[in-house]
Every structure is written in structure tokens, then in C-alpha cells.
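Visitor: give me a model of this one.
(chains A, B, C and D)
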Number of protein chains: 2
Amino acid sequence: MARATLKDVAQRAGVTTATVSYAISGKRPISEETKRRVMEAIQELDYVPDLNARSLSMRDSKLIGVVVPQTEPGDRLMFQNSFYSEVLGSIEYYARQQGYHILISATDANESYLTLAKKRNLDGIIVIGMYPDDFYQQMKKTQIPIVLIDSYCNDHYYHNIRIDDAYGSYLATRYMLENGHEHIAFFAGQMKENGVMKKRLLGYQQALSEFNVPYRTQYVYEGQIDYNSGIQLANQLMASDLSVTGVVAAADILAIGAIKGFYEGGKRVPDDYSIIGFDDVEIAQFMTPGLTTVRQQISLKGQKAVELLLKHIEDPSLPKQEEILPLQLVARGSVKKLN
Amino acid sequence: MARATLKDVAQRAGVTTATVSYAISGKRPISEETKRRVMEAIQELDYVPDLNARSLSMRDSKLIGVVVPQTEPGDRLMFQNSFYSEVLGSIEYYARQQGYHILISATDANESYLTLAKKRNLDGIIVIGMYPDDFYQQMKKTQIPIVLIDSYCNDHYYHNIRIDDAYGSYLATRYMLENGHEHIAFFAGQMKENGVMKKRLLGYQQALSEFNVPYRTQYVYEGQIDYNSGIQLANQLMASDLSVTGVVAAADILAIGAIKGFYEGGKRVPDDYSIIGFDDVEIAQFMTPGLTTVRQQISLKGQKAVELLLKHIEDPSLPKQEEILPLQLVARGSVKKLN
DNA sequence: TTTAATCGCTTAAACGTTTTCTTTGATTCA
DNA sequence: TGAATCAAAGAAAACGTTTAAGCGATTAAA
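Guide: Below you'll find the model as predicted:
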């Protein structure tokens, strides 16, 4: 009644385990007759190969690790950030198509990624987001293929899949300017050197300068990438005496929080404040009004990452690649035309 | 330069692999002196046990499968449903605390759950949502511990973690009634016999009858559990000549979509229509107006499921349990008081 | 003083695969 | 007819663990 093994199949088909193994994998010619008997036995015994044993012998695991940031240390529900959820879903889907499974890995005091990679024999790793320098140093030690998503780490050990963040917020800011806004605030998450947020700030600055609008540091608000932070930044803005009419948010989540913040402060979007987001997460189109935002093809990111990773796993000599995915402004109802 | 194995450690410590194994696991007494030497060797060689090999020997895997529904066949991004994302996140967190990892498993033409369970040697499975009867029949064959979340399957092979769905929508509907609404529509996902949606409809009916408000089938709208369906149902409602003032939605996602639908149709919430949701997904509180809804402790669901599953894995004789988690109405701004 | 129990470790088998050699029997060629 | 070739399948080692069984030496019990 216990589950059938190769040995059982072999016995039933009247051959040895080697023959069965080869019959299945096709790595060596097996006579039609034998192959038929083997397949029959497999059917009858409902045999499913044990991936664990296979891994031990082949020293791979058909498992890829995915590192996602925890927005706050100790935050339990990392899937809550819709952007990460969507990327994760996409990675899971494409990995599964190729016979791989994903192992989600959050930072944890009692276990490093390295340890995980070793003990589970990961075939590769996809890292979403940006981390401190020593993280990348550590990660190299795993000696396995790694693809970074949304990172500006330029260590050429790693593959990279990302967007042009500066260009994205340039698009957003330009759109605001084109709609007649001149006093435009910028809502961002934590700005680390060479990080995504910093790049997005850069695009904001570029657009302003292109339109000869002076850049004012008091228009820049820094928080975290979550809904509540959006609310807080909106409150700060309303409490100030700045004559801001438009807000460029460095993430949809921030924009959505801000809309809520404005609403609670008795202000309406887009009548009192115009706002534009970044990412185009699924919920953006269902807000009222719809959130105007810069769309990145989130699921494409996952797909590309998986493709690149698997290609590298097959061919370890693959040169390191960087792929920059397209962006596109999608206009909905959250920006008011002033001119 | 390749990774260190038990053998390497043993050699370095001048003992055999068995000794090292026992020194690590503590399943046999080992002299202090030897233990010290072993630990030293482990440090020096940066040894991490291979979970694969361990699994093969111990016939477990420290892996638990999680089955999530795909909202539509062919839909790629199953994480997009925020409710599932939150449950998943919670499961992942608590599983990891106990040294387990989760393997996400979506229905797939070329691979059944059974096959997956066998080939990856899963220690247990958590199933989120409701499935056709034969799914549960099949699942039993795995012979491993299984916990169902949000299922009304009463096969006592399975543990169950759920809420009282009927009571939840009863709470919601009663709240509408208490606020003076009499013409109340019900927006639901697909209603399968003995399914969650059917139960929620039941609660709606109960509340109506308790307030002596007649139940009218034309007030019941059936769609899918996604944002777009919410929009469509709202359109249908607006196109009808019913004098509905309030909507009880069987899921937050549906409610959010409906708000969008109303908005596009020139109607406002809560001025033209009041609406109440179900679940209290994270985004609900950040809508404008905030979505009044029935809160279930989503992350608690994941936690309880993991706890129960692991307990069962440890003690296979554990009697089957059913746990019903509490619900609570949270009032925000989407319901207007009429009386 | 003999016997039995205890301690600390080693030996070796087992888990379920894959894969390198070998072996076997049939076929071909000179 | 004998050697050489070839296809198909078998035997056995290996992957990195765990663990039952065993084995000397010391210590306790009789």
C-alpha cells in the first residue's frame, strides 16, 4: 500500500531499475517491447518518481528561491503589497510551466538566504527589490544563478530585469506639467543612495527643469511604500502653506493612501489635488476616480526573470544580461486639466 | 571548494558521520569533547545539512503544499485576489517559523495535486477555498494530513478552518436594515450548492426575514469574485427599475468593483447607493469612502491552519477538528443612514 | 571475581534515484 | 567458422543523510 518506487516498477516489468530509469528519461535506447512493459507497470502501480531522490543523484532540485523584501521588519504579511504579489504570481506561473516550483524566502533572523540555498539545493534565485550592499556580497557565495528584479546593483555577477525608473517619473511629472500644474509635490518611499526612489526623484527633477519650473526641496515628501504613509504625507502637505495643485507619487500604493488622506482632510481628487501614481497595480483602475499612473508590465517582469534564470541554469556560461522593460503613461481620472 | 558534507565534517573532527549526525541531532549522547570538535569542524567548513538527503532518509520534506483556487481557468495571476494573498502570506510566515516552507500549487492540466504531493513528498497540505466533490475524493488518496480553509466539505478525513458565512452576511444585512434600508440588493459570486456564496445568501435572507422585509429574487445578482464583475453587477442594477438603496456584497472585491461601476454610471456611494462588503481585505480601509464591511481575521486563518496542520503531522492520530473564527462588523463610510 | 549494564563511538544498511561500467546474446563480416 | 560489431539490458556505485546493530572499554552489581 505504500507508494511505488522504481524498484517496484522494475520488478513488475521484469527488468532492472536502470532500464526503467532509461525508459523514462530516454537517455539510452530501450527496445519498444521493454518500454511498453515498463510504461504498463508504471500505469498499474501509479508510479510517480521521487523528486527528492532524483535531486540527490542529479544535484539539482527544480526549485527556485524568490527573495521578497519585508516592508517593515517584523511585518508578517509581505504578500500584501500588491506589486510584489503580482510579480510573485507571475514568477510562480512561469516557473511552474517549466517544471519548477518556487520557494518564497523572507529575511529571517534565524536563517539566511545562503543557508536556505544550500539546504534546499536551490537551482537559482530571483531577488525582488533592492538590498544593502553586503547582501549582494553574501549572495554571490551561493555560486548559483541569480536574477535581480528592480535593482540598481551593477555587480556583473547578476542578471538584471528592471525599468527606467527615472524615465517613468519623468513621464508622470511631464504629464502633470502638460496639464498646467506648476506646483507639484513628489511623494516617495525611503530614498536610499542609488535606489529606485532616488531614480524616480531624478525623473521628477528632469521634467521640472525641462519645463523651466524651479525644483523646491520642500515639495519633496519622503515616507514609506505603504498606504498609511500615503495618508501621512497627504496630511503633511495639507498642513503646509504650499500652493501645491498636483502630486507625483512614486508608487500607486502611496497615491492611493494620499487620496484617502486628502479625502479625510476634506479635499477631493482631482478637484482640489491632482495625483498620479506609478506601477499600475491592479487596483489602480478600480479606484474612484481611476488612478492616472505610469504602467509597468508587472507580470512581464516575472516572466522575463524566470526565462533568464532558467536559461542561465541550463547554460552556466551565459553572459550577464540586463533587460529594461517599457513604461507607458495611462491617463484615468485623477489628474485635472488646469489649462 | 564544493560544499561540505557530513563526511567532510566527520573527517575533520576525526569521527564518523554517525557521530556527527548524533552530535547535531542530540538523539544519542555524545561526549562533550567530541561534540566540541564536531561543532568546530562545522563552523570551519561552513557546513549546512542537505535537506534533500535528510528527507530521503527520514521520508519527510519539511514542505507543505498550499492549494489556491484560480479564479478563472487560464488566469495567471492568482495572487491578485487580495484575500488569497493575505492568507498565503500568513501561512508562509507561520510555516517558516516552524522550519517549513510552502509550495504553492495551482491547478494545472499537466499535473495534479496528487502527483505533486507524491513527487515532492509533501508533509501536509492546506487547501484554500471550495472545490468539486471529486477533488476531495482524490485528495484523500495522498494519505497525508490536510487542512481545509473556507470549505464546507464535511468529509471527516479533513480538518476545517472557516467562518460562519451565513452569520457574516446576516450581520451585514442587519446593519443595512438598521440604517433604514429596505430595498437591499445582494451581490454574490458564483453560487454553488453548499458553497460559501450560498451560505452568505442565507444570512442575507435571514436578516430580511427577521426585519419582515420580503425576499425578492430579482434583488439577487450573481457574478464572479472579481472587480470587473462588481462593475457589471452595478451596471445591471442601475439599468433595472428597482428602487434599491443598499447593496450587500458577498466580498470586498465585489463591493469595490461596484463602487466603481456606480461612479461610472454617475452615481455616488453612499449618497445614491449604500454598500457593505465582506472580508475586510487591506485595501477596504483605504477606499474613499472607507468600505463598511464584515471583518474576518484573515491572517489568523492562515495561522490556525498551519498550527493545526503541524500538530497533525506530529501526531497522526489527532482527531479531526473544525474551528470557526469570529466575525465583526466594521463601520466606515459606505453606508448612509436613512432613518 | 565474575557477570551485567553503561558509555561512546563505529559499521553498515537504507532511503529512491541516476549513471558508469560490464555483460549478454545476436548479427555481421571476412 | 571465428572474430568483430552492435544493441539492449544488468550490476553496482554514488548522491548525503539517518539509524539499527554492534563492539570494545569502563563501571556497577552480584
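Visitor: in contact with the residue nearest in space to the middle of chain A, which residues?
Guide: Nearest to the geometric centre of chain A sits residue A:87, at 4.1 Å (Cα atoms, centre = their mean). Residues near residue A:87 by Cβ atoms under 8 Å, 6 or more residues apart in numbering or on different chains: A:128, A:149, A:298, A:299, A:301, A:302. From N, CA and C alone the C-beta is placed, and that goes for glycine too.
Visitor: following the helix or strand harbouring the fifth one, which helix or strand shows up next?
Guide: Looking back up the chat, that one is residue A:301. Secondary structure from DSSP states H and E places residue A:301 in helix A:298-314. Next in sequence after helix A:298-314, counting helices and strands by DSSP H and E, comes strand A:322-325.
Visitor: packing partners of that following strand?
Guide: In this structure, strand A:322-325 packs against strand A:159-163, helix A:298-314, with contacts taken as 3 or more Cβ pairs under 8 Å, 6 or more residues apart in numbering or on different chains; DSSP states H and E.
Visitor: DNA strand C is nearest to which of those?
Guide: helix A:298-314 (14.1 Å; Cβ to the nearest atom of the strand).
Visitor: how far off centre is that closest one?
Guide: In terms of Cα atoms, centre = their mean, to the nearest Å, the centre of helix A:298-314 is set 11 Å apart from its chain centre.
Visitor: flag every buried residue along it.
Guide: For helix A:298-314, burial by neighbour count (16 or more other Cβ atoms under 10 Å in any protein chain shown) applies to A:298-299, A:301-306, A:308-310, A:312-313.
Visitor: quick revisit: looks to me like the residue nearest to the centre of chain A is in a helix.
Guide: Yes - residue state for residue A:87 (DSSP: H, G, I helix; E, B strand; the rest coil) corresponds to a helix.
Visitor: now residue A:196. Nearest residue, chain neighbours left out?
Guide: Using Cβ to Cβ, 6 or more residues apart in numbering or on different chains and skipping residues adjacent in sequence, the residue nearest residue A:196 is residue A:165, 5.3 Å away.
Visitor: kindly apply the preceding question to residue A:320 instead.
Guide: That would be residue A:156: by Cβ to Cβ, 6+ apart, it lies 4.9 Å from residue A:320.
Visitor: shouldn't the one you found be within a helix?
Guide: No - assigned with three-state DSSP, residue A:156 falls outside any helix and is coil.
Visitor: pretty sure residue A:234 contacts residue A:258?
Guide: Yes - using Cβ atoms under 8 Å, residue A:234 is in contact with residue A:258, at 4.3 Å.
Visitor: list the contacts for residue A:228?
Guide: Residue A:228 touches residue A:257, counting by Cβ under 8 Å, 6+ apart.
Visitor: so it: helix, strand or coil?
Guide: Under three-state DSSP, residue A:228 comes out as helix.
Visitor: show the model's pLDDT score for it.
Guide: Here, the pLDDT recorded for residue A:228 equals 95.
Visitor: equivalent analysis for residue A:76, please.
Guide: Confidence score, pLDDT, at residue A:76: 42.
Visitor: how about residue A:109?
Guide: 50.
Visitor: can you check the one 4 residues further on too?
Guide: Predicted confidence (pLDDT) for residue A:113: 85.
Visitor: does it touch residue A:120 like I think?
Guide: No - Residue A:113 is not in contact with residue A:120 according to Cβ under 8 Å; the separation is 10.7 Å.
Visitor: which neighbours do those two share?
Guide: With Cβ under 8 Å, 6+ apart, residue A:113 and residue A:120 have common neighbours residue A:65.
Visitor: so who does the closest residue to DNA strand D within the stretch 151-300 of chain A touch?
Guide: Using Cβ to the nearest atom of the strand, residue A:157 is the residue of the stretch 151-300 of chain A that sits closest to DNA strand D, at 23.5 Å. Counting by Cβ under 8 Å, 6+ apart, residue A:157 touches A:136, A:140, A:146, A:320.
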